[in-house]
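1. Sequence and predicted structure are below.
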Amino acid sequence: MTNKLIILDRDGVINEDSDDYIKSPEEWRPLPGSAAAIARLNHAGYRVVVATNQSGLARGYFDGPTLEAIHRRMAAHLDSAGAHLDGIYVCPHGPDDGCDCRKPAAGLIDQIVADYGEVTGVPLVGDSLRDLQAGVARGCRPVLVLTGKGRRTLDKGFPPDLGPVTVYDSLARFVDQFLKDPS
């Protein structure tokens, strides 16, 4: 992997997920170890970006300024652990909007390619099949974490065209192994 980049989903990977959506900064709760894991990636020279579907915007559950406030809370939490994100890529559309950026479509990954270059072989860490499919469409290496909806995703199984998927209990466990062996 020539591009020292890691792509993460947000809800269920960095913070707790909710079937009712994360609608306010107060509802944003970090998963144990996620900030420290991102800090370890940062300190090892990796750029870390987030690609996240936020259909709560289209559904009217929260607005743009609220999403920005949620991301400020996340950034402050990461900063307190010595971590940072290099970018946050958001799909604001609903599932029926027909956009090209809502995962499993690869539009968010295309935006990351435009900003950071080739992503072939770059790990994309997510907790849902659609996260992994978006990454695989652009040559990313799919990594499933069992936090968030990850256990449910694993139980459903993967389609054969997804290719090999590595599975970890959490972002922290992935980072532990990845920094020992990035290949």
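-> Sure thing, it's come through.

2. Now the longest helix along the chain: buried residues?
-> Longest helix in the chain by number of residues, with DSSP state H as the criterion: helix 64-80. Neighbour counts over helix 64-80 (16 or more other C-beta atoms under 10 Å) mark 66-67, 69-71, 73-74, 77-78 as buried. Yep, even glycine has a C-beta here, placed from its N, CA and C like the rest.

3. In a markdown table, list those residues along with pLDDT and distance to residue 34.
-> As requested, those are exported to a markdown table (pLDDT from 0 to 100; distance: C-beta to C-beta, whole Å):
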| residue | pLDDT | distance to residue 34 |
| --- | --- | --- |
| 66 | 98 | 21 |
| 67 | 98 | 19 |
| 69 | 98 | 19 |
| 70 | 98 | 15 |
| 71 | 98 | 15 |
| 73 | 98 | 14 |
| 74 | 98 | 10 |
| 77 | 98 | 9 |
| 78 | 98 | 9 |
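
4. ok, which pair from the residues you listed is furthest apart?
-> 66 and 78 (18.9 Å; C-beta to C-beta).

5. For the nearest residue in space to residue 53 that is not next to it in sequence, list the residues it contacts.
-> In space, and not counting its chain neighbours, residue 53 is closest to residue 91: 4.8 Å by C-beta to C-beta, 6 or more residues apart in numbering. For residue 91, the contact set (C-beta atoms under 8 Å, 6 or more residues apart in numbering) comprises 52-55, 99, 101-103, 107-108.

6. buried subset of the residues you listed?
-> Applying 16+ other C-beta under 10 Å to the contacts of residue 91, the neighbour count classes 52-55, 101-103, 107-108 as buried.

7. Go through the residues you listed and flag which are in helices.
-> Filtering the buried ones among the contacts of residue 91 for helices - DSSP H - leaves 107-108.

8. of the buried ones among the contacts of residue 91, closest to residue 175?
-> Checking the buried ones among the contacts of residue 91 one by one against residue 175 (C-beta to C-beta), the nearest turns out to be residue 52, at 18.7 Å.
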